[in-house]
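>>> Show me the folded form of this:
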Amino acid sequence: MTDRAKLSSFIAIRLAAIDQSTKRCFAGTGVSRRRQQDSARSIAKDLVRHIRVNHRIERAGIRVDDTEVTALAATELWKLPEAVAKDLVAIDANRKEVARAAIVDALVEALTRNYEFTFIQPQYRGMGPPTYVEPEVDSR
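Numbers count the residues shown, from 1 in each chain. From the prediction side, this is the model:
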């Protein structure tokens with residue numbers, strides 16, 4: 001599996017796990033019945049925080065700050081059509097899945113266009129010795 005595929009599956013899983021009230025505010029189906037830009041920033045912040053667990057985010061070999069990545073992700077989320085945002089919280093599971101896939105594709109495209117993502121294998125914490133050793137990075 002490539003780094004891009006791992007990134008997209010990680011975003012899809014995390015997007016499904018974000019609480020419904022935040023997604024409803026993003027879609028404009030919450031209490032206020034208006035789309036709230038703060039909810040897009042909240043979703044983006046949560047996604048970036050969880051992407052950092054297993055991914056290194058860099059531009060030209062230099063680590064990128066979370067606030068910059070969050071701002072880009074929030075902008076991309078807010079650019080999505082209102083219909084896609086509403087389908088994300090729809091009752092119909094098929095519409096919800098199509099919307100989630102569209103959101104993931106848009107986010108992955110924007111993020112990989114601006115940054116380099118490298119999947120970091122988590123260390124083995126089981127009973128036996130570790131089977132994976134992270135390669136050393138040349139820090140010039």
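>>> use CA for all of it now, contacts and neighbours both
Fine.
>>> quick one, strands of the protein?
55-59, 62-63, 116-119 (DSSP state E).
>>> Let me have these in a markdown table, adding mean neighbour count and mean pLDDT as columns.
What follows is the strands of the chain, written out as a markdown table (neighbours: other C-alpha atoms under 10 Å; pLDDT from 0 to 100):
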| stretch | mean neighbour count | mean pLDDT |
| --- | --- | --- |
| strand 55-59 | 17 | 90 |
| strand 62-63 | 12 | 92 |
| strand 116-119 | 18 | 89 |
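>>> Show me the one of these that comes nearest V84.
strand 116-119 (25.8 Å; C-alpha to C-alpha).
>>> next one: the closest one to chain centre, how far?
Mean-position distance between strand 116-119 and its chain equals 13 Å (C-alpha atoms, centre = their mean, to the nearest Å).
>>> Kindly present the strands of the chain as CSV, with separate columns for distance to F10.
Shown next, in CSV, are the strands of the chain (distance: least, C-alpha to C-alpha, whole Å):
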stretch, distance to F10
strand 55-59, 10
strand 62-63, 20
strand 116-119, 11
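>>> between those strands, which gets nearest to R41?
strand 55-59 (18.5 Å).
>>> what lines up beside the closest one in the sheet?
Strand pairing for strand 55-59, determined by DSSP bridges: strand 62-63 (antiparallel), strand 116-119 (antiparallel).
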